[in-house]
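*Asks:* Prediction below, plus the sequence it came from.
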Amino acid sequence: MVSRVIPVENFDLVIFGGTGDLARRKILPGLFRRFCAGQMPPEARVIGAARADMDSAGYRDFVAEAVREFGGDRAFEDGTLAGFLERMHYVPIDARGENGWRELVALIRPDVVHAFYFSVAPGLFGDLAERLNVHGLTNDASRIVVEKPFGRDLETARALNRDLAAYFDESQIYRIDHYLGKETVQNLMAVRFGNMLFEPLWNSQYVDHIQITVAETVGVGGRGEYYDKSGAMRDMVQNHLMQLLCLIAMEPPSKFDPDAVRDEKLKVIRALDPMDPHHIVRGQYDAGDDGPDYRTAVGDPRSRTESYIAMKVGVSNWRWAGTPFYLRTGKRLKARSSEITVVFKALNHSIFGEQEDHRNVLSIRLQPNEGITLGVTIKEPGPGGMRLIDVPLDMSFADAIGENGDQTDAYERLIMDVIRGNQTLFMRGDEVEAAWAWTDPIIQGWEARGDVPKVYESGSEGPVDAVQLLARDTRVWRKVAP
């Protein structure tokens, strides 16, 4: 299977924070892969803008090093890297002052798409938007890309939205969540809305429960100071897991249109039940062979910030009333794995007598080994009566696409969508605020109660209390496996 590559319009992409870690690891290598695939037009340009004092030649050296390290298995000797580097420019710039802005304006062409990627701390978003406006770069051809976190609570999210809305229309603001750019996440919509097999069953009448797991093997690493002010709830649940829940639970939009899709996601967030404290488990990882315990890693022996959280969430609407959604995410767990699992109900009556409970299970693997597995019940081969077993119908994207297929990274896809002007996979301002309106009372609740996270063993599947969260409902978590 060979994917079809559609070139985008000519563009000038300015990466504020163009020498930062995100640009080096994701943005620049992703752009290189799009260049190799023929999706970038020949005249497209990328302009790095940061505090570092260097010229365009120095920036091309920086880009070349980033591409060689993170660009994947590409043949650089055929001239593709040299061709890509020709499109690189650099301007030293002051986000809050005047230095560099005149030079940046001179580089930007008037007759192309203008995209400004804010790969900087959220505290600079408003300043950059203001400087772009002062220098006449907030026109109809302009688009801005902002990275999470989109605030740390409802108040700061509203302030951030106001700062951006002062200079840009909502249709020009692209709030990027790389999880929504994953191939499997988009295929979730195709599976749901493109197959008669699933959509009639996608409701509380047939679905027993849904699990969403995002597990990491790494600890907080060098992000300890930031992470301890955030925690798993702010860092993962409020954005990544919330978006996955929305795509699973949303009603079919009237059409595959950015606002139609986001309208339905917003309805899901507004239908979320207030959280019962007994339906929340928080944890901190203990010391292990791969590093110190959480409190040592963040430098606070009394920290009450969670590195793990599990939740039982309800959605009060006609489709999902009574069907629980179990969410969990954590650091220093057994394996790196992101998975959405839809567990269908057991048969009301089995003609095969009393046998082990058999259920259909749809598993969508986001990482690693992106793919979809549907568990079905069949007869066990061989003589000796009708014995039933469960077997998987397994589709791996690597196998389906083939070794030469174009397995696009999430950032590649999302950046190209920015150039196209397609906001389907980006969060709208009211979505962000609705998510914080649900999240804030949960955080305020455990802070008011003085809840202390449970310690869990590094390399495990999380706190024992998380097992009990499902056991109370006579259910079990899926194994955290690579």
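*Replies:* It's in.

*Asks:* could you point out where the stretch 251-400 of the chain is predicted with low confidence?
*Replies:* 352-356, 382-385, 396-400 (pLDDT under 70).

*Asks:* What about Met386, how many residues nearby?
*Replies:* 10 (other Cβ atoms under 10 Å). No exception for glycine: its C-beta is placed from N, CA and C like everyone else's.

*Asks:* now do Tyr285
*Replies:* 28.

*Asks:* Would you confirm that it contacts Thr296?
*Replies:* No - counting by Cβ atoms under 8 Å, Tyr285 does not reach Thr296; the two are 10.5 Å apart.

*Asks:* Report the secondary structure element holding the residue nearest to Gly58 when sequence neighbours are not counted.
*Replies:* Spatially, and ignoring its direct neighbours in sequence, Gly58 is nearest to Tyr90 (7.1 Å; Cβ to Cβ, 6 or more residues apart in numbering). Mapping Tyr90 onto the secondary structure by DSSP states H and E places it in strand 88-92.

*Asks:* Tell me where the stretch 151-300 of the chain has strands.
*Replies:* All strands of the stretch 151-300 of the chain, identified by DSSP state E, counting those that start in this stretch, fall at 173-176, 207-215, 280-285.

*Asks:* out of those strands, which comes closest to Leu425?
*Replies:* strand 173-176 (8.5 Å; Cβ to Cβ).

*Asks:* Pull the residues that contact the closest one.
*Replies:* 143-148, 150, 164-165, 414, 417-418, 423, 426-429, 432 (Cβ atoms under 8 Å, 6 or more residues apart in numbering).

*Asks:* roughly how far is it from the heart of the chain?
*Replies:* Remark: strand 173-176 is offset 13 Å from the chain centroid, using Cα atoms, centre = their mean, to the nearest Å.

*Asks:* Run through the helices of the stretch 151-300 of the chain in chain order.
*Replies:* 154-165, 183-193, 224-228, 231-232, 242-249, 258-271, 294-298 (DSSP state H, counting those that start in this stretch).

*Asks:* With mean neighbour count and distance to Thr217 as extra columns, can I get those helices in TSV?
*Replies:* Converted to TSV, those look like this (neighbours: other Cβ atoms under 10 Å; distance: least, Cβ to Cβ, whole Å):
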stretch	mean neighbour count	distance to Thr217
helix 154-165	17	30
helix 183-193	17	20
helix 224-228	17	15
helix 231-232	24	15
helix 242-249	23	20
helix 258-271	19	30
helix 294-298	22	14
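
*Asks:* wait, which of those is closest to Ile372?
*Replies:* From the helices of the stretch 151-300 of the chain, taking Cβ to Cβ, the stretch that ends up closest is helix 183-193, at 6.7 Å.

*Asks:* Flag every buried residue along the lengthiest helix in the chain.
*Replies:* Counting by DSSP state H, the longest helix found in the chain is helix 429-449. Residues 429, 431-440, 442-443, 446 are the ones in helix 429-449 that count as buried (16 or more other Cβ atoms under 10 Å).

*Asks:* and what of stretch 296-316?
*Replies:* Buried-residue list, stretch 296-316, by 16+ other Cβ under 10 Å: 297-298, 303-315.

*Asks:* picking up where we left off before, what's near enough to touch the residue nearest to Gly58?
*Replies:* Per Cβ under 8 Å, 6+ apart, neighbours of Tyr90: 18, 47-49, 54-56, 58-59.

*Asks:* Out of these, list just those in strands.
*Replies:* Secondary structure defined by DSSP state E assigns 47-49 of the contacts of Tyr90 to strands.

*Asks:* Leaving out sequence neighbours, find the closest residue to the residue nearest the centre of the chain.
*Replies:* Centroid-nearest residue in the chain, with Cα atoms, centre = their mean: Tyr179, separated by 2.1 Å. With Cβ to Cβ, 6+ apart as the criterion, Tyr179 has its nearest non-adjacent residue at 4.7 Å, and that residue is His240.

*Asks:* burial count for the one you found?
*Replies:* By other Cβ under 10 Å, the burial measure for His240, its neighbour count, is 20.

*Asks:* could we number from 356 for the rest of this?
*Replies:* Fine by me, first position is 356 from now on; the one you just mentioned is His595.

*Asks:* Check what pLDDT it gets.
*Replies:* Looking at His595, its pLDDT reads 91.

*Asks:* quick one: terminal-to-terminal distance for stretch 808-818?
*Replies:* For stretch 808-818, the first-to-last residue distance is 9 Å (Cα to Cα, to the nearest Å).

*Asks:* Let me know the average pLDDT across stretch 545-560.
*Replies:* 88.

*Asks:* ok, Ala421 touching Pro384?
*Replies:* Yes - using Cβ under 8 Å as the test, Ala421 is close enough to Pro384 to be in contact (6.1 Å).

*Asks:* So between the two, which is more surrounded?
*Replies:* Pro384 (23 against 20).

*Asks:* For the host helix or strand of the more buried one, C-alpha coordinates in CSV please.
*Replies:* Element membership for Pro384, per DSSP H and E: helix 383-391. Coordinates of each C-alpha in helix 383-391 appear next as CSV, following Å, rounded to 0.1, in the frame of the first residue of the first chain:
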residue,chain,number,x,y,z
LEU,A,383,12.7,20.1,11.9
PRO,A,384,13.1,16.4,11.3
GLY,A,385,9.4,16.2,10.5
LEU,A,386,9.7,18.9,8.0
PHE,A,387,12.6,17.2,6.4
ARG,A,388,10.6,14.0,6.0
ARG,A,389,7.8,16.0,4.3
PHE,A,390,10.4,17.5,2.0
CYS,A,391,11.7,14.0,1.1
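
*Asks:* buried residues in it?
*Replies:* 383-391.

*Asks:* Also stretch 589-597?
*Replies:* 589-597.

*Asks:* Equivalent analysis for stretch 499-510, please.
*Replies:* Buried, per 16+ other Cβ under 10 Å, within stretch 499-510: 499-507, 509.

*Asks:* Next step: those restricted to helices.
*Replies:* Using DSSP H, those in helices are Leu509.
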